[in-house]
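In: predicted model and sequence follow; I will ask about them next.
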Amino acid sequence: MILSAGVVAQAESEDEIAALLAHELAHIVNGDSTRSSFQDAFVSALRLGGIAAGNGYSLLLGDAAKEAANGLIYNRWSADQEMRSDAFAVELLAKAGYAQDGLKYAIRRLGEFSESALTSRDTDTSSCLARTGDTRYSVDFGECTAGLVGSRDSIYQDKEARFSAVNEHIWELPDDARRRRAGGTPPRFESTDYLHGLTALNISDKRHLREGLAEVEARPIPGTLRRNAYVYNQLAHANALLGNAREAQAYFAKTLDSDYRTTFNYQVLLDFANRQNDARTVGNLLSAMHQDLGMSPEMLPVEYYLSKRYSLTFVEAQALLRCTMSFAQDLGLAKRCSDFGEAADKNRTISWL
């Protein structure tokens with residue numbers, strides 16, 4: 001079960017946290033998690049298949065694989081599964097002695113967030129198949145896959161529809177269960193509060209960033225987060241922005257032995273190593289990234305730039321081949337490769353964050 005740290009940290013009662021748990025538990029009880037296991041296996045197969053089959057396969061289907069992964073991960077449950085889980089949560093909360101207000105508050109909070117997500121999401125997949133002649137068509141694998149798996153659809157169900165369905169189930173409860181009111185202060189979770197507190201580092205003004213960093217560093221990192229790369233990346237980046245090179249380097253070193261590294265993590269790590277002109281660390285990170293993420297099209301221009309700048313001959317040869325092949329599939333990617341390669345030739349320090 002995965003819960004959003006932000007949602008839990010902002011919960012106004014124990015009833016609301018119980019509602020979140022009850023809803024997620026329903027997906028397991030109802031067997032929805034089987035689909036999640038399929039997603040994990042499918043995404044892994046796409047990534048590993050690209051590595052095993054070679055660069056050509058990865059480049060040809062790189063965008064399609066990314067869209068498939070997004071669709072399978074971000075459209076985790078269907079609308080029917082969400083409604084069914086809400087109904088399960090109503091019954092479980094009633095049996096456990098919790099107020100139904102907790103579930104309503106949780107739906108409201110997620111609904112408010114989803115409104116901004118819906119307005120900002122690009123849903124146009126019209127360029128999947130384009131006519132290039134009387135009998136010829138151009139196929140964009142990424143766009144086609146996006147339409148097929150719904151990777152650009154919202155993961156959030158309509159708030160009013162959920163409210164209506166939940167209220168129908170609540171009215172079927174006995175009077176005493178239906179009329180319970182949410183309790184007081186919710187329980188606190190050290191790791192959740194710490195993660196939510198990291199928002200103090202999302203500031204561009206140096207004075208406020210310094211204050212936010214002091215506030216975050218005054219709190220010890222909870223034991224459950226001491227191998228979390230995201231935490232150390234945030235702390236390293238904040239210190240680097242403030243010119244605290246020694247502190248930034250110390251946090252940076254911890255990310256190298258951390259878990260849960262993603263594309264974002266490697267973007268931050270490689271950016272930091274590049275600014276330190278640390279050729280050895282750059283090479284080690286590129287090797288680790290290939291093992292963790294495979295040949296990522298998103299990171300290709302960065303790989304090409306770094307391998308040229310630090311004379312990593314074998315990596316440069318691979319990156320150059322993939323960049324050259326990208327001309328046939330993704331002109332935008334090829335242009336970024338060209339721009340990044342030019343920057344490396346001039347030994348310019350650039351940032352991709």
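Out: The structure has been received and is ready for your questions. Residues are numbered from 1 along each chain as shown.
In: show me the strands in the stretch 51-200 of the chain, by range?
Out: For the stretch 51-200 of the chain, applying DSSP state E, counting those that start in this stretch gives strands covering 129-131, 137-139.
In: number of nearby residues for the residue nearest to residue 111 when sequence neighbours are not counted?
Out: Nearest residue to residue 111, sequence neighbours excluded (CB to CB, 6 or more residues apart in numbering): residue 159, at 2.9 Å. The C-beta positions use only the backbone N, C-alpha and C, and glycine is treated the same way. The burial count assigned to residue 159 is 17, neighbours taken as other CB atoms under 10 Å.
In: now the one 4 residues further on
Out: If you count neighbours by other CB under 10 Å, residue 163 ends up with 16.
In: with the one 10 residues further on instead?
Out: Close neighbours of residue 173, defined as other CB under 10 Å, add up to 16.
In: again with residue 278
Out: Around residue 278 there are 16 residues (other CB under 10 Å).
In: tell me the pLDDT at it?
Out: pLDDT for residue 278: 91.
In: so residue 240 touches residue 273, yeah?
Out: No: Residue 240 is not in contact with residue 273 according to CB atoms under 8 Å; the separation is 11.2 Å.
In: rewinding a little: surely the residue nearest to residue 111 meets residue 105?
Out: No: at 11.9 Å, residue 159 does not count as touching residue 105 under the criterion of CB under 8 Å.
In: how about low-confidence regions in the stretch 1-150 of the chain?
Out: 33-78, 113-150 (pLDDT under 70).
In: what do you get if the cut-off is 50, keeping everything else the same?
Out: 36-74, 117, 120-121, 125, 148-149 (pLDDT under 50).
In: how about stretch 310-324: buried residues?
Out: Neighbour-count burial for stretch 310-324 flags 310, 312, 315, 316, 318, 319, 320, 322, 323 (criterion: 16 or more other CB atoms under 10 Å).
In: do the same with stretch 326-345
Out: Neighbour counts over stretch 326-345 (16+ other CB under 10 Å) mark 326, 329, 330, 333, 334, 336, 337, 340, 341, 343, 344 as buried.
In: please name the nearest non-neighbouring residue to residue 353.
Out: Using CB to CB, 6+ apart, the closest residue to residue 353 is residue 271 (5.4 Å).
In: sorry, that was for residue 352
Out: residue 302 (5.5 Å).
In: ok, residue 189 next?
Out: With CB to CB, 6+ apart, the residue lying closest to residue 189 is residue 8, at 6.5 Å.
In: contact partners for that neighbour?
Out: Residue 8 makes contact with 17, 20, 189, 192 under the criterion CB atoms under 8 Å, 6 or more residues apart in numbering.
In: now those in a markdown table, with distance to residue 233?
Out: Formatted as a markdown table, the contacts of residue 8 follow (distance: CB to CB, whole Å):
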| residue | distance to residue 233 |
| --- | --- |
| 17 | 28 |
| 20 | 27 |
| 189 | 22 |
| 192 | 19 |
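In: identify the contacts common to residue 240 and residue 273.
Out: With CB under 8 Å, 6+ apart applied, the contact sets of residue 240 and residue 273 do not overlap.
In: relative to residue 91, how far out is the nearest residue to residue 94 once chain neighbours are set aside?
Out: Nearest residue to residue 94, sequence neighbours excluded (CB to CB, 6+ apart): residue 177, at 4.1 Å. The gap separating residue 177 from residue 91 is 9 Å, by CB to CB, to the nearest Å.
In: between the two, which has more neighbouring residues?
Out: Ranked by neighbour count (other CB under 10 Å), residue 177 and residue 91 place residue 177 first, with 18 against 15.
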